[in-house]
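> build me a model from this:
(one chain, ligands or ions: 1)
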Amino acid sequence: ELLSRRYSTQIHRRPTRTVMVGDIPIGSAHPVSVQSMINEDTLDIEASTAAIRRLHEIGCEIVRLTVPSLSHAKAVGEIKQKLERNYKPVPLVADVHHNGMKIALEVAKHVDKVRINPGLFVFETPDPNRTEFSEEEMQLIKEKIVSKFEPIVNTLKAQNKALRIGVNHGSLAERMLFAYGDTPLGMVESAMEFVRICDSLDFHNIVISMKASRPPVMLAAYRMMADRMDKEGFNYPLHLGVTEAGDGDYGRIKSTVGIGTLLSEGIGDTIRVSLTEAPEKEIPVAYSILQTVGLRKTMVEYISCPSCGRTLFNLEEVVAKVRDATSHLTGLDIAVMGCIVNGPGEMADADYGYVGKGKGVIALYRGRDEIRKVPEEDGVSALVDLIKQDGKWLEPE
Ligand code: SF4
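Sure, this is the predicted structure:
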């Protein structure tokens, strides 16, 4: 069975329970959801509301915002109301930082999920000469964590809301660093400590993340966490991300390698691409990753050859024209090929093909069948006509 899964063209997702974040279900029975985070000051209610709406309108299904103080927590209440009044309810997540349990209790009233970072529950007294904690000290620290964490768990449970246990490689607690070092295992142990506390309080609306800025570290941490949970009978969904991925091509590649690799292995139920760019830029990258691995299809899939000496027209230009004319359609695969030398099979069974046929002539394909030849200058409009003829056309909005 392992081999047949390894050789399958379908992703077999790790089975998880479903955790609701507003009206978005997170878990293996549902599409992998896309989320992002606004970078406005949460106290600026106008700007934050507008940013959340902008993101939601382009497909960000869950929006996170930072809540560093009690007044920020109260501002979230106003943002939520404003969204509901002027737009619609948007699933919101509050990022609550260290020593913020009062803040978490307040903001939990206004959001659908609260994110905490276990590494920021710090109860150790900083001492550069220290390298370990005694068992008694560890016991005391654990008791303090439980007493601090329990009220937020209870309030989320009472309101049937969700919690993200969001471990970051760069901010592990000192006791974890002493025991496990700065390693994926340290990240897993850090998350498991909080998973067990939630379990002992019979709270299970949990999503877990194990982010790191280097894909090999996050890959190891997520794989280890998934295995550990499966072994110990916890079926919580995972939120994937490469944190601090940077910007531009490299930031996108880093995110794709980290997130896409795990998704291909069946790990991951919600994703955030973190770029040092406007958050709106993250959403198309997230949907492209999901479409590439075959988990969600939200746009036209274009298949085009790299061109070579046999190319019979300006491929880059034609691909751009075809895209301009058809990118508003969804669910279609369209191939643009410089020539037919390698046969229609090279078009990866696209729904439609635009293929160089001879000097100044292209052929249009429906699936593997050649439908007609047309002069190159009429190629794009003839393709559009063919799609219309098949009843698959939608007028652009
Ligand atoms: Fe070259 Fe034809 Fe292959 Fe395109 S499809 S790369 S033009 S051989």
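> could you confirm whether stretch 351-367 reaches the ligand?
No: Stretch 351-367 does not reach the ligand (C-beta under 6 Å from any ligand atom); its nearest approach is 6.6 Å. Yep, even glycine has a C-beta here, placed from its N, CA and C like the rest.
> may I see the buried residues of that stretch?
351-357, 362-366 (16 or more other C-beta atoms under 10 Å).
> centre of the chain to that stretch, how far?
36 Å (C-alpha atoms, centre = their mean, to the nearest Å).
> using PDB, list the CA coordinates for it.
Output in PDB follows, covering the C-alpha atoms of stretch 351-367 (Å, rounded to 0.1, in the frame of the first residue of the first chain):
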ATOM      1  CA  ASP A 351      -9.000  20.400 -23.000                       C
ATOM      2  CA  TYR A 352      -7.800  22.700 -25.800                       C
ATOM      3  CA  GLY A 353      -4.600  23.000 -27.800                       C
ATOM      4  CA  TYR A 354      -3.200  25.800 -29.900                       C
ATOM      5  CA  VAL A 355      -0.400  24.300 -31.900                       C
ATOM      6  CA  GLY A 356       2.000  25.500 -34.600                       C
ATOM      7  CA  LYS A 357       1.200  23.600 -37.800                       C
ATOM      8  CA  GLY A 358       3.200  25.300 -40.600                       C
ATOM      9  CA  LYS A 359       4.400  28.700 -41.600                       C
ATOM     10  CA  GLY A 360       1.700  31.200 -40.500                       C
ATOM     11  CA  VAL A 361      -0.800  28.400 -39.700                       C
ATOM     12  CA  ILE A 362      -1.900  27.000 -36.400                       C
ATOM     13  CA  ALA A 363      -4.100  24.000 -35.500                       C
ATOM     14  CA  LEU A 364      -6.700  24.000 -32.800                       C
ATOM     15  CA  TYR A 365      -7.300  20.900 -30.800                       C
ATOM     16  CA  ARG A 366     -10.100  19.700 -28.600                       C
ATOM     17  CA  GLY A 367      -8.500  17.100 -26.400                       C
END
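> could you tell me which of the buried residues of stretch 351-367 are located in strands?
352-357, 362-366 (DSSP state E).
> out of the buried residues of stretch 351-367, flag the one nearest to the ligand.
Nearest to the ligand out of the buried residues of stretch 351-367 is residue 356 (C-beta to the nearest ligand atom; 6.6 Å).
> so the closest one sits against residue 313, correct?
Yes: using C-beta atoms under 8 Å, residue 356 is in contact with residue 313, at 5.6 Å.
> so what sits against both of the two?
338, 362 (C-beta atoms under 8 Å, 6 or more residues apart in numbering).
> the helices in this structure, which residues?
Along the chain, counting by DSSP state H, helices occupy 2-6, 45-57, 70-86, 101-107, 135-158, 174-180, 184-200, 215-232, 248-255, 261-264, 282-292, 315-326, 379-389.
> got CSV for those, with mean neighbour count and mean pLDDT too?
Putting the helices of the chain into CSV (neighbours: other C-beta atoms under 10 Å; pLDDT from 0 to 100) gives the following:
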stretch, mean neighbour count, mean pLDDT
helix 2-6, 8, 77
helix 45-57, 19, 98
helix 70-86, 17, 96
helix 101-107, 21, 91
helix 135-158, 15, 90
helix 174-180, 18, 86
helix 184-200, 21, 96
helix 215-232, 19, 97
helix 248-255, 16, 96
helix 261-264, 20, 98
helix 282-292, 20, 97
helix 315-326, 16, 95
helix 379-389, 17, 97
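> adding distance to residue 115 as columns, could you present the ones you listed in JSON lines?
Output for those, formatted as JSON lines (distance: least, C-beta to C-beta, whole Å):
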{"stretch": "helix 2-6", "distance to residue 115": "32"}
{"stretch": "helix 45-57", "distance to residue 115": "16"}
{"stretch": "helix 70-86", "distance to residue 115": "13"}
{"stretch": "helix 101-107", "distance to residue 115": "9"}
{"stretch": "helix 135-158", "distance to residue 115": "11"}
{"stretch": "helix 174-180", "distance to residue 115": "18"}
{"stretch": "helix 184-200", "distance to residue 115": "12"}
{"stretch": "helix 215-232", "distance to residue 115": "16"}
{"stretch": "helix 248-255", "distance to residue 115": "19"}
{"stretch": "helix 261-264", "distance to residue 115": "19"}
{"stretch": "helix 282-292", "distance to residue 115": "17"}
{"stretch": "helix 315-326", "distance to residue 115": "37"}
{"stretch": "helix 379-389", "distance to residue 115": "44"}
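> possible to save the ones you listed as a markdown table with distance to the ligand?
As requested, the helices of the chain are exported to a markdown table (distance: least, C-beta to the nearest ligand atom, whole Å):
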| stretch | distance to the ligand |
| --- | --- |
| helix 2-6 | 30 |
| helix 45-57 | 38 |
| helix 70-86 | 48 |
| helix 101-107 | 55 |
| helix 135-158 | 55 |
| helix 174-180 | 50 |
| helix 184-200 | 41 |
| helix 215-232 | 31 |
| helix 248-255 | 23 |
| helix 261-264 | 26 |
| helix 282-292 | 21 |
| helix 315-326 | 7 |
| helix 379-389 | 15 |
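> report pLDDT for residue 267.
pLDDT for residue 267: 98.
> relative to the ligand, how far out is it?
When distance is defined by C-beta to the nearest ligand atom, to the nearest Å, residue 267 is 35 Å away from the ligand.
> ok, that residue - contacts?
14, 222-223, 226, 238, 240 are the contacts of residue 267 under C-beta under 8 Å, 6+ apart.
> need the pLDDT of the residue of the stretch 151-300 of the chain found nearest the ligand.
Going by C-beta to the nearest ligand atom, the ligand is nearest to residue 300 of the stretch 151-300 of the chain, at 19.4 Å. On pLDDT, residue 300 comes in at 96.
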